[in-house]
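K.L.:
Kindly generate the corresponding structure for this input.
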Amino acid sequence: MKKVVLITGASSGMGKSTANILHAKGYSVYGAARRIEEMDDLKEKGMNVVSLDLTNDESIQYAVNSILEKEGRIDILINNAGYGSYGSVEDVSLHEARRQFEVNLFGMARLTQLVLPSMRRQHYGRIVNISSMGGKIYTPFGAWYHATKHAVEGWSDCLRLEVKEFGIDVVVVEPGGIKTPWGNIAAENLEKTSGNGAYSAFARKAAKTIKETYNGNQLTDVDVLGKTIAKAATDRKPKTRYVKGYMAKPTIAIRKWFGDRIFDKVILSQLK
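P.N.:
Numbering: from 1, shown residues only. The predicted model follows:
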């Protein structure tokens, strides 16, 4: 019997790559995203697609219930959907800050709540939460994004302990710099939000650095992360965390071993 996989954010990037990899391995894949038309290629390959808006509880319930009605279970949940909206703490509206938490944490949490009962009944399940190296570090103008990812890290650790007795594994994936539109979108948001006013000079330097990084040749190909996420979802004895992607391991290590003051200097030196 094919294991059933639900992947959020499957309309592009790491989510779409993971969907293709797991489908090729013989899993029954359900790709979920707001832009359902962006998943037509998945449907053409024989995968299932479902509309999902993580800021809408009715949409979340419908997505899960439609899969359970058809399949009777969800074996693997990959919480991949998320975004980053950059700007200074003073400039970013609390409405936008709350939306980042709705998408990056609360929507993921609600989806997980709805999937857990079927996993507990079958005494098997795998929940893979896509965090970021940003869940272990920090950068200027990314306060709300980093806050959501730091929250994902702690939330996942607590969940892992709670569901262990039911045969359910909780795994965190921490990507580094990946070849996706994420960086350019974040830079554009930063310029729009803080490109004028008190933080303008610093914000424009930061946006320029982000664009140069994401338009360069150093970033990790998205399929490398797709393979890592697929591995996290299918390893018989998974690690609690998988770190992969440009600068992820060294950046996390600098923060961990050298402390905040040295890390501050390293980050600020990249923005001169």
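K.L.:
Can you show me the helices along the stretch 101-250 of the chain?
P.N.:
107-122, 143-163, 182-194, 200-214, 222-234, 248-269 (DSSP state H, counting those that start in this stretch).
K.L.:
ok, now how distant is residue 27 from residue 224?
P.N.:
Look at residue 27 and residue 224: by C-beta to C-beta, to the nearest Å, they are 19 Å apart. Bear in mind the C-beta positions are built from the backbone N, C-alpha and C, glycine included.
K.L.:
more crowded one of those two?
P.N.:
Set side by side, residue 27 and residue 224 show more neighbours around residue 27, with 21 against 18, by other C-beta atoms under 10 Å.
K.L.:
Not counting sequence-adjacent ones, nearest residue to the more buried one?
P.N.:
residue 5 (4.9 Å; C-beta to C-beta, 6 or more residues apart in numbering).
K.L.:
Give me the angle between the strand or helix carrying that neighbour and helix 107-122.
P.N.:
Taking DSSP states H and E as the definition, residue 5 sits inside strand 4-8. Angle of strand 4-8 versus helix 107-122, following axes from the mean of the first three to the mean of the last three C-alpha atoms, to 10 degrees, is 170 degrees.
K.L.:
Provide the contact partners of strand 4-8 at residue level.
P.N.:
The contact list for strand 4-8, computed with C-beta atoms under 8 Å, 6 or more residues apart in numbering, reads 15, 18-19, 22, 27-33, 52, 54, 63-64, 67, 71, 73-81, 108, 111, 115, 233.
K.L.:
what do you get if the cut-off is 7 Å, keeping everything else the same?
P.N.:
15, 18-19, 22, 27-32, 52, 54, 67, 71, 73-81, 111, 233 (C-beta atoms under 7 Å, 6 or more residues apart in numbering).
K.L.:
Just give the strands next to it in its sheet, each with its orientation.
P.N.:
strand 28-33 (parallel), strand 76-79 (parallel) (DSSP bridges).
K.L.:
Output it as CSV, nothing but the C-alphas.
P.N.:
Listed in CSV are the C-alpha atoms of strand 4-8, where the atom choice follows Å, rounded to 0.1, in the frame of the first residue of the first chain:
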residue,chain,number,x,y,z
VAL,A,4,0.1,9.0,1.5
VAL,A,5,2.1,12.3,1.6
LEU,A,6,0.7,15.8,2.0
ILE,A,7,3.1,18.6,0.9
THR,A,8,2.2,22.3,1.4
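K.L.:
Show me how far it is from its chain's centre.
P.N.:
Relative to its chain's centre, strand 4-8 lies at 14 Å (C-alpha atoms, centre = their mean, to the nearest Å).
K.L.:
so what secondary structure elements neighbour the next helix or strand after it?
P.N.:
Next in sequence after strand 4-8, counting helices and strands by DSSP H and E, comes helix 13-24. When contacts are defined as 3 or more C-beta pairs under 7 Å, 6 or more residues apart in numbering; DSSP states H and E, helix 13-24 packs onto strand 4-8, strand 28-33, helix 222-234.
K.L.:
buried ones in helix 13-24?
P.N.:
Within helix 13-24, the residues that count as buried by 16 or more other C-beta atoms under 10 Å are 13, 14, 15, 16, 17, 18, 19, 20, 21, 22, 23.
K.L.:
isn't there a strand covering residue 50?
P.N.:
Yes. Per DSSP: H, G, I helix; E, B strand; the rest coil, residue 50 lies within a strand segment.
K.L.:
quick one: contacts for it?
P.N.:
30, 32, 63, 66, 67.
K.L.:
Name the SS class of the third one, please.
P.N.:
For residue 63, the assignment made with three-state DSSP gives helix.
K.L.:
I am finished for the moment; much appreciated.
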